[in-house]
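In: Sharing a model prediction with you, sequence too.
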Amino acid sequence: MEPVQYLKYIVGLLVVLGLIALITLLARRFGMVPRVTRDPSSPKRLSVTDVIAIDAKRRLVLVKRDDREHLLLLGPERDLVVEQNIPIKNTAAQSGMSSHE
């Protein structure tokens, strides 16, 4: 191949990447992509507490929401709520009790 052909391929790639960037910016500008804004001073209500791999495709995920936890089984076919509304135990009180025994 001649160097001119390589240059054509590189210019074509840059044009395609530029078009993708332009479409992305336009989609954001005109509100096609939802924006989530959270007040940084507000407490976080949602977090992932623990993740365990069952096998190559499935995961057990413990999600904390407010003062409850939910156990989810995530897989490629479907997601399943294994247990919900698990009360969160006070780990600070438990660790303090175990050190006095």
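Out: Perfect, I can see it now.
In: So for the spatially most central residue of the chain, what's the nearest residue that isn't a sequence neighbour?
Out: Nearest to the geometric centre of the chain sits residue 48, at 9.5 Å (Cα atoms, centre = their mean). Of all residues not flanking residue 48 in the chain, residue 63 sits nearest, at 5.8 Å (Cβ to Cβ, 6 or more residues apart in numbering). From N, CA and C alone the C-beta is placed, and that goes for glycine too.
In: Please work out how many residues are found near residue 73.
Out: For residue 73, the count of nearby residues is 15 (other Cβ atoms under 10 Å).
In: part of a helix, is residue 15?
Out: Yes - counting by DSSP: H, G, I helix; E, B strand; the rest coil, one finds residue 15 located in a helix.
In: Surely the residue nearest to the centre of the chain is in contact with residue 61?
Out: Yes - the pair residue 48 and residue 61 passes the contact test of Cβ atoms under 8 Å, sitting 6.2 Å apart.
In: Just the element for residue 63, please.
Out: Element membership for residue 63 (DSSP states H and E) is strand 59-65.
In: which helices and strands sit right next to that strand?
Out: When contacts are defined as 3 or more Cβ pairs under 8 Å, 6 or more residues apart in numbering; DSSP states H and E, strand 59-65 packs onto strand 46-53, strand 68-74.
In: Columns distance to residue 27 on top of these, output as TSV?
Out: Converted to TSV, these look like this (distance: least, Cβ to Cβ, whole Å):
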stretch	distance to residue 27
strand 46-53	26
strand 68-74	28
